[in-house]
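1. give the three-dimensional model of this entry:
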Amino acid sequence: MNKNNLYFNSKYIWHPYDSIVKPLPCYFVSSAKGVHITLQSGVQIIDGMSSWWSAIHGYNHKKLNQALKKQIDHMSHVMFGGFTHKPAISLCKRLLNILPKKLKRIFFCDSGSVSIEIAMKMALQYWKALKIKKNKFLTIRNGYHGDTLFAMSVCDPVNSMHNLYHNVIPKNLFSKQPQISFQEKWNICDIKSFNDNMMKFHHIIAAVILEPIVQGIGNMQFYHSEYLKNIRLICNIYNIPLIIDEIATGFGRTGKLFAFQYSNITPDILCIGKALTGGMLTLSAVITTQKISDIISNNYPYKFMHGPTFMGNPLACAVASKNISILQKGLWKQQVRCIEKYFINNLFLMKNHPRIKEIRVLGAIAVIECYHFVNLKLIQKFFVNHGVWIRPFKNIIYLTPPYIIKKYYLKKMIIAIKYAIQNNRFFIL
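-> Got it, this is the predicted structure:
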C-alpha cells in the first residue's frame with residue numbers, strides 16, 4: 001500500500017521546488033509528535049527544520065491541539081467580510097500586547113508570501129491616497145520574501161531562485177548586501193550603498209522592505225543590528241515607510257521575540273507568519289501604524305483593496321492565540337539560549353574543515369556554509385538513514401529545530417552533519 005501511494009505521489013502530486021517528471025524522493029509520513037516525525041515504515045526521524053521554521057513547539061502539542069478541538073465545535077470558518085468572531089479578537093489583543101505600541105492595525109491573511117503582497121499594496125495605496133506618485137521598493141541584495149509575483153520583485157534579482165521571471169516581475173531597487181556580520185565591529189561604511197540609493201531615488205520609493213538581521217534563503221547571512229538601526233533613521237529622514245519581514249524570524253527564533261528588537265526599532269509595516277500558529281495551520285498578518293491605516297481609509301476609495309477568502313480563519317486564529325499565550329510564559333527564551341549554546345560549543349569544532357566556508361549561529365538557527373553545492377537527493381537519504389530530517393539548499397546545511405528539542409537530539413543531528421561533510425559524493429564538486 002505504501003509503495004502504491006508513493007507511486008501515485010510521484011506521478012500526480014507536484015512538490016515544492018521540484019520536477020514532476022524526475023522528482024526528488026519523498027518520504028511517507030504517518031504521524032509526528034514532539035521533535036519526531038514517524039515515517040510509514042515505522043522509522044522515527046528527528047526534525048531539524050521545524051517544518052520550515054514554523055513548528056516551534058514541536059508536533060502534536062497538547063495545548064495547541066486542544067485549542068483546535070475546542071474551536072472546531074463552534075465553527076471552523078466564516079467569512080471575515082461583515083463578520084468578526086472571538087478567536088480573531090482574542091488573537092489581535094494578544095498581538096497588540098507583544099508588539100510595539102506604534103503598531104495598532106492588524107490585517108489577517110493566508111500565508112507569508114501573501115502578507116508581503118499585502119504590505120507592498122498597503123504602501124502603494126498609502127502614497128496614492130496622498131496623491132504622490134511612488135511605485136518602487138528599495139531593499140538589499142540576497143534577500144528573500146516569498147514566491148508570489150510582487151514578493152519575487154523584492155527578492156534578489158540575480159542570485160535568488162526567481163531570476164527565471166526577471167522579464168515579468170516589476171523592477172525594484174537593490175542596495176549591496178550588508179558586509180558586516182552580526183558579531184563583528186560596526187562600520188558606518190556598510191550603509192553607504194543603501195544611503196546612496198535612498199538619496200538618489202527617494203522621490204519614487206514607496207517603501208523599504210527588509211528581513212531583519214537574518215537573510216533567510218539568501219545564504220542565511222546574519223547582518224549587524226546597527227545596519228537595521230541606520231535603515232530606520234534613513235527612512236525617518238525621507239519619511240518613507242519601513243516594511244519588516246518577520247515571517248521566518250518572528251516568535252523567538254533568533255533569541256528575541258522579533259529580530260527587529262536587536263536594533264531597538266519599530267517598523268511602519270510588519271509581516272508575520274510561519275510560527276504564528278506554532279506550525280499548526282497557515283495564517284499570517286500585516287500590522288501597521290494608525291497613520292498609514294487612517295490615510296488609506298480616509299481617502300479614495302476609502303478602504304484597503306484586499307480581501308483573502310480565508311482571512312481571519314477562526315481555527316487558525318484560535319490556535320495562534322494559544323501559541324502566543326505559551327510564548328508569553330517565557331520558557332522559549334531559556335530553550336533558545338540552550339540551543340544556541342549547544343550549537344556554538346559543538347558546531348564550531350568543525351569550522352576548520354576544508355569543505356566548510358563558514359559556520360554561523362544565532363538563537364535557534366545554525367548555518368554551515370560549504371564551498372560546494374550539496375547533492376540534495378543523496379544527502380537527504382543519508383540524513384534520513386541516520387535518523388534526522390535536515391533539508392539543505394544550494395551550499396547551505398542549516399538547522400532550525402523546535403524549541404523543545406533536547407541536547408541528545410541536537411547531538412545526533414550534528415554527528416550526522418559531521419559525517420555528511422566528510423563524504424565527497426554528497427557535494428557537487
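2. Thr84: neighbour count?
-> Per other Cβ atoms under 10 Å, the neighbour tally for Thr84 reads 11. To be clear about C-beta, it is placed using only N, CA and C from the backbone, and glycine gets the same treatment.
3. which phi and psi does it have?
-> Backbone torsions for Thr84, taken as degrees, to the nearest 10, come to phi -140, psi 180.
4. give me the element the nearest residue to it once chain neighbours are set aside is part of.
-> Distance criterion Cβ to Cβ, 6 or more residues apart in numbering; nearest residue to Thr84, sequence neighbours excluded, is Gly312 at 7.6 Å. Here Gly312, judged by DSSP states H and E, is contained in no helix and no strand.
5. isn't Gly312 up against Phe108?
-> Yes. Gly312 is within contact range of Phe108, at 4.4 Å (criterion: Cβ atoms under 8 Å).
6. what touches both of these two?
-> Here Gly312 and Phe108 share the contacting residues 80, 88, scored by Cβ atoms under 8 Å, 6 or more residues apart in numbering.
7. check contacts around Tyr126.
-> Per Cβ under 8 Å, 6+ apart, neighbours of Tyr126: 206, 241, 292, 295-296.
8. contacting residues for Pro301?
-> Applying Cβ under 8 Å, 6+ apart, we find Pro301 in contact with no residue.
9. so it versus Ala129, what's the distance?
-> Separation of Pro301 from Ala129 (Cβ to Cβ, to the nearest Å): 9 Å.
10. kindly report the same for Ala123.
-> Distance from Ala123 to Ala129, counting by Cβ to Cβ: 11 Å.
11. compare those two (neighbour count), which wins?
-> Remark: of Ala123 and Ala129, Ala123 carries more neighbours, 27 against 18, as counted by other Cβ under 10 Å.
12. so what's that one up against?
-> Neighbours of Ala123 in contact, by Cβ under 8 Å, 6+ apart: 137, 206-207, 241, 243, 269.
13. if you set the cut-off to 6 Å instead, what comes out?
-> Contact analysis of Ala123 by Cβ atoms under 6 Å, 6 or more residues apart in numbering lists 206-207, 241.
14. before we move on, what about Ile356?
-> Cys370.
15. please name the bridge partners of it.
-> Cys370 (DSSP bridges).
16. check what pLDDT it gets.
-> For Ile356, the pLDDT comes out at 97.
17. the one 4 residues further on now?
-> The predicted local confidence for Arg360 comes out at a pLDDT of 97.
18. in space, what's closest to it - neighbours in sequence excluded?
-> Once flanking residues are discounted, Arg360 sits nearest to Val367: 4.3 Å by Cβ to Cβ, 6+ apart.
19. re the thing from before, with the contacts of Ala123 in mind, which one is nearest to Met49?
-> Using Cβ to Cβ, Ala207 is the member of the contacts of Ala123 that lies nearest Met49, at 30.7 Å.
20. in terms of helix, strand or coil, where does that closest one fall?
-> strand (DSSP: H, G, I helix; E, B strand; the rest coil).
21. looks like the residue nearest to Arg360 contacts Leu399 (just checking).
-> No. Here Val367 lies out of contact with Leu399, judged by Cβ atoms under 6 Å, at a distance of 8.1 Å.
22. spatially nearest residue to Met79 (excluding sequence neighbours)?
-> Per Cβ to Cβ, 6+ apart, closest to Met79 is Thr309, 7.4 Å.
23. I meant to write Arg105 there.
-> Nearest to Arg105 is Ser293, by Cβ to Cβ, 6+ apart, at 4.0 Å.
24. which element is that neighbour on?
-> Secondary structure (DSSP H and E) places Ser293 in helix 290-297.
25. can I get the CA coordinates of that helix in CSV?
-> Extracted in CSV, the C-alpha atoms of helix 290-297 (Å, rounded to 0.1, in the frame of the first residue of the first chain):
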residue,chain,number,x,y,z
GLN,A,290,-2.6,54.2,12.7
LYS,A,291,-1.1,56.8,10.4
ILE,A,292,-0.9,54.5,7.4
SER,A,293,-4.2,52.8,8.0
ASP,A,294,-6.0,56.1,8.5
ILE,A,295,-4.6,57.8,5.5
ILE,A,296,-5.6,54.8,3.3
SER,A,297,-9.1,54.7,4.9
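26. how close does Asp190 sit to Val208?
-> 16 Å.
27. quick one, which of the two is more surrounded?
-> Neighbour count, other Cβ under 10 Å: between Asp190 and Val208, Val208 has more, with 28 against 19.
28. didn't that one look like it was pressed against Asp245?
-> No. Taking Cβ under 6 Å as the definition, Val208 is not a contact partner of Asp245, at 11.0 Å.
29. list the contacts of Phe194.
-> With Cβ under 6 Å, 6+ apart, Phe194 has these contacts: Ser175.
30. gap between the two ends of stretch 208-224?
-> End-to-end distance of stretch 208-224 (Cα to Cα, to the nearest Å): 17 Å.
31. measure how far that stretch is from the centre of its chain, please.
-> 10 Å (Cα atoms, centre = their mean, to the nearest Å).
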